[in-house]
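[1] need coordinates for the below:
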Amino acid sequence: MKKIFLFILFVLLVLSCSLNKKSEETNINELIYSLQDILFETYDADQETTQVKTTIDPFLWYRTKSSGDTIKYDVGIDVVGDSAYATIKMIFPGDLNLWYIADSDTVHIEKPYIDTFIKYCFFKKDTTLDYHNGWRLVKITNTFVKTKNPSDVNIDSIKIFADGVIDTVIKMDTSYFAKNDIVKIPSGTVVEITLFSPDTTSRFFAHTSLKRKEIIYSSENIFTQNLRVPYIKKNYRLLIDGFTKGSLGDDSCDYSTFGIILPYTVE
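    Numbers count the residues shown, from 1 in each chain. I've put the predicted structure just below:
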């Protein structure tokens with residue numbers, strides 16, 4: 001009888017731990033969705049306000065979400081004691097719109113694609129149980145975007161510089177930074193972007209606040225561009241990405257990109 005009683009206690013303990021873990025994952029998942037503004041990414045190119053798109057040899061181009069498909073989010077959570085790790089993956093089905101002139105006619109083609117966005121998060125649990133059972137978002141990574149794995153595009157690192165404001169090199173890895181350490185840049189500041197890459201078969205761009213500028217080849221393995229941050233004070237994203245030249249310059253080549261999304265605040 002004693003053995004049976006101990007066995008029942010053991011089963012109840014296992015079930016309790018299992019239910020508790022599920023409850024913790026549910027709380028963290030709800031916390032993630034409550035922080036969509038800083039954790040969920042997407043392209044904003046389909047909302048550009050400029051009437052004329054950037055001319056690309058001689059294409060006009062922009063990305064839109066596929067009208068027939070929906071964006072899908074997949075959140076994976078691993079709870080380890082009072083710590084938890086989450087992987088946020090977004091599947092973005094879209095179309096690359098290309099406009100060009102052929103024999104005096106305007107031609108419009110669409111290249112379908114599926115891009116994957118990936119961000120990593122770290123959570124800790126404290127004693128304030130009335131807020132998502134005590135879970136807090138502590139650290140995040142930048143977000144990576146790619147069409148293929150491994151990618152057709154190569155970016156080694158990116159330097160962001162503005163005198164007296166920011167001087168940092170971003171590695172293309174999953175280094176964590178504190179949620180409160182998001183870069184703060186004064187309104188209207190011009191930042192210098194230096195991209196390091198041995199890739200001579202791709203073109204690189206910087207996108208922010210519905211604007212886009214090409215990062216131009218400067219010298220061996222170095223591409224540069226200046227970009228003015230917006231004047232309106234709020235949170236923004238800077239997307240730096242590369243495309244295979246065939247993506248933009250050949251109507252018979254598939255779309256392929258690789259990039260990183262960097263959050264920043266204009267103050």
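[2] so for the helix or strand hosting Val75, mean pLDDT?
    Using DSSP states H and E, Val75 falls within strand 72-80. Rounded to a whole number, the mean pLDDT of strand 72-80 is 95.
[3] how many neighbours does the residue nearest to Tyr120 when sequence neighbours are not counted have?
    Leaving aside its chain neighbours, Tyr120 sits nearest to Thr141 (4.4 Å; criterion: Cβ to Cβ, 6 or more residues apart in numbering). C-betas here are computed from N, CA, C, even on glycine. Around Thr141 there are 18 other residues, counting by other Cβ atoms under 10 Å.
[4] for Arg212, see how far away Thr141 is.
    24 Å (Cβ to Cβ, to the nearest Å).
[5] same check, this time on Phe117
    If you measure Phe117 against Arg212 using Cβ to Cβ, the figure is 18 Å.
[6] what about the helices in the stretch 1-150 of the chain?
    Per DSSP state H, counting those that start in this stretch, the stretch 1-150 of the chain has helices spanning 2-34, 36-39. These are given in chain order.
[7] so what does the last one touch, helix or strand wise?
    On a contact count with 3 or more Cβ pairs under 8 Å, 6 or more residues apart in numbering; DSSP states H and E, helix 36-39 meets strand 135-140.
[8] hmm, 10 Å instead?
    Other helices and strands packing on helix 36-39, by 3 or more Cβ pairs under 10 Å, 6 or more residues apart in numbering; DSSP states H and E, are helix 2-34, strand 72-80, strand 83-102, strand 105-125, strand 135-140, strand 235-244, strand 257-266.
[9] can I get the ones you listed in JSON lines with distance to Lys146 and mean neighbour count?
    Listed next are the helices and strands packed on helix 36-39 as JSON lines, based on distance: least, Cβ to Cβ, whole Å; neighbours: other Cβ atoms under 10 Å:
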{"stretch": "helix 2-34", "distance to Lys146": "21", "mean neighbour count": "12"}
{"stretch": "strand 72-80", "distance to Lys146": "15", "mean neighbour count": "14"}
{"stretch": "strand 83-102", "distance to Lys146": "11", "mean neighbour count": "18"}
{"stretch": "strand 105-125", "distance to Lys146": "6", "mean neighbour count": "16"}
{"stretch": "strand 135-140", "distance to Lys146": "18", "mean neighbour count": "19"}
{"stretch": "strand 235-244", "distance to Lys146": "9", "mean neighbour count": "21"}
{"stretch": "strand 257-266", "distance to Lys146": "5", "mean neighbour count": "20"}
